[in-house]
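>>> Based on what follows, work out the 3D shape:
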Amino acid sequence: MKFLDFEEFREKKEKFREDLKVEAKVFDEKTLYVLYKLLAKGKIKKIKFPVKEGKESVVLAGLDKEGWIAIKVYRIYHCDFKHMWKYLIADPRFFSVKKNRRQVILTWVKREFKNMKIAFKAGVRCPEPKTFMENVLVMKFIGDDGLPAPRLVDTVPQNPQKVYEKIVEDMKKMAESNLIHGDLSEYNILLWKSLPFIIDFSQGVRRNHPLAIEFLRKDVENINKYFKKLGVKINENLFEELKQRLRL
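This next block holds a predicted model:
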């Protein structure tokens, strides 16, 4: 595929948008160009169709040379960047980010990619992070033939005790890697082939974050509360065990 500069792309953008099979309201011109660059660089082979559309982001199913991928696109003009900025400046890795809409969102995507990379390297069941560019994050697809795995909140595990124990294992792996998910609940866990896969790492924080304890407690409370309703024997000491692993 011949790489086009921005001016050439603008002349062809309507056809590109049509090829993506998405409505004009979904992506702004710069986002379309980012997607086009990822295609031109071979990071994405094909973009197939949207699988999840939210207020702040859209997830597309696509393909790369290895198989199905998920392409998460943050909407530049619909994200609550002021809320994001408050999270970022408390994170020592990104405290210098300026209160600028585009800069905040691009840093947010970079942060999510880095957090996911840490988790994946630690052996946590999560999508394999592939690459990111500006407001677009590419990861391995969890599901089959473009059909995403259901969220835990939308299904009932056949063996909830086993699923709970697997999630606790992953929480411990994250803690040992100095990472706290920060938004862990049944809404951010996919169930695929009877195993849980943790997603949405954008609010993940490191041990030295000023709200680390608060986020850790929230994660533990959310997970224990959900599985307790399913009759699972939960780990009442999980919070303290994770604190020790994090050296908090």
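>>> Could you break the protein into its assigned domains?
Here the domain assignment for the chain is 6-78+111-144, 149-246, based on automatic domain parsing.
>>> Let's have those in TSV, adding mean neighbour count, distance to residue 102 and mean pLDDT.
For every residue, glycine as well, the C-beta is placed using N, CA and C. Putting these into TSV (neighbours: other Cβ atoms under 10 Å; distance: least, Cβ to Cβ, whole Å; pLDDT from 0 to 100) gives the following:
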stretch	mean neighbour count	distance to residue 102	mean pLDDT
domain 6-78+111-144	17	6	86
domain 149-246	18	16	96
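>>> Which residue would you name as the spatial centre of this protein?
By Cα atoms, centre = their mean, the mean C-alpha position of the chain lies nearest to residue 200, the distance being 3.1 Å.
>>> From the contact counts, what lies against the top helix by length along the chain?
Using DSSP state H to assign secondary structure, the helix with the most residues in the chain is helix 101-121. Counting contacts by 3 or more Cβ pairs under 8 Å, 6 or more residues apart in numbering; DSSP states H and E, helix 101-121 is packed against strand 67-74, helix 81-89, strand 129-133, strand 136-140, helix 160-176, strand 179-180.
>>> returning to what we had before: please convert the domains of the chain to CSV, extending it with distance to residue 105.
Formatted as CSV, these follow (distance: least, Cβ to Cβ, whole Å):
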stretch, distance to residue 105
domain 6-78+111-144, 5
domain 149-246, 10
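>>> Go through these and name the closest to residue 99.
domain 6-78+111-144 (15.0 Å; Cβ to Cβ).
>>> so how far is that closest one from its chain's centroid?
Taking the mean C-alpha point of domain 6-78+111-144 and that of its whole chain, the gap between them comes to 12 Å (Cα atoms, centre = their mean, to the nearest Å).
>>> thinking again about what came up before, nearest to residue 104, out of the domains of the chain?
Among these, domain 6-78+111-144 comes nearest to residue 104, with 9.9 Å by Cβ to Cβ.
>>> report the angle between the axes of the helix or strand encompassing residue 245 and helix 160-176?
In the assignment (DSSP states H and E), residue 245 maps to helix 238-246. Angle between the axes of helix 238-246 and helix 160-176 is 30 degrees (criterion: axes from the mean of the first three to the mean of the last three Cα atoms, to 10 degrees).
>>> by contact count, what packs against helix 238-246?
Checking 3+ Cβ pairs under 8 Å, 6+ apart, helix 238-246 ends up next to helix 160-176, helix 212-229.
>>> can I get the ones you listed in TSV with distance to residue 74?
Compiled in TSV, the helices and strands packed on helix 238-246 are given as follows (distance: least, Cβ to Cβ, whole Å):
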stretch	distance to residue 74
helix 160-176	23
helix 212-229	21
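>>> follow-up on the earlier one: kindly confirm my reading that the residue nearest to the centre of the chain is in a strand.
No - when classified by DSSP: H, G, I helix; E, B strand; the rest coil, residue 200 is found to be coil rather than part of a strand.
>>> That one touches residue 190, doesn't it?
No - counting by Cβ atoms under 8 Å, residue 200 stays clear of residue 190, with 10.0 Å between them.
>>> returning to what we had before: could you dump the helices and strands packed on helix 101-121 into CSV and include distance to residue 208?
Supplementary listing: the helices and strands packed on helix 101-121 in CSV, determined by distance: least, Cβ to Cβ, whole Å:
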stretch, distance to residue 208
strand 67-74, 26
helix 81-89, 14
strand 129-133, 22
strand 136-140, 24
helix 160-176, 14
strand 179-180, 11
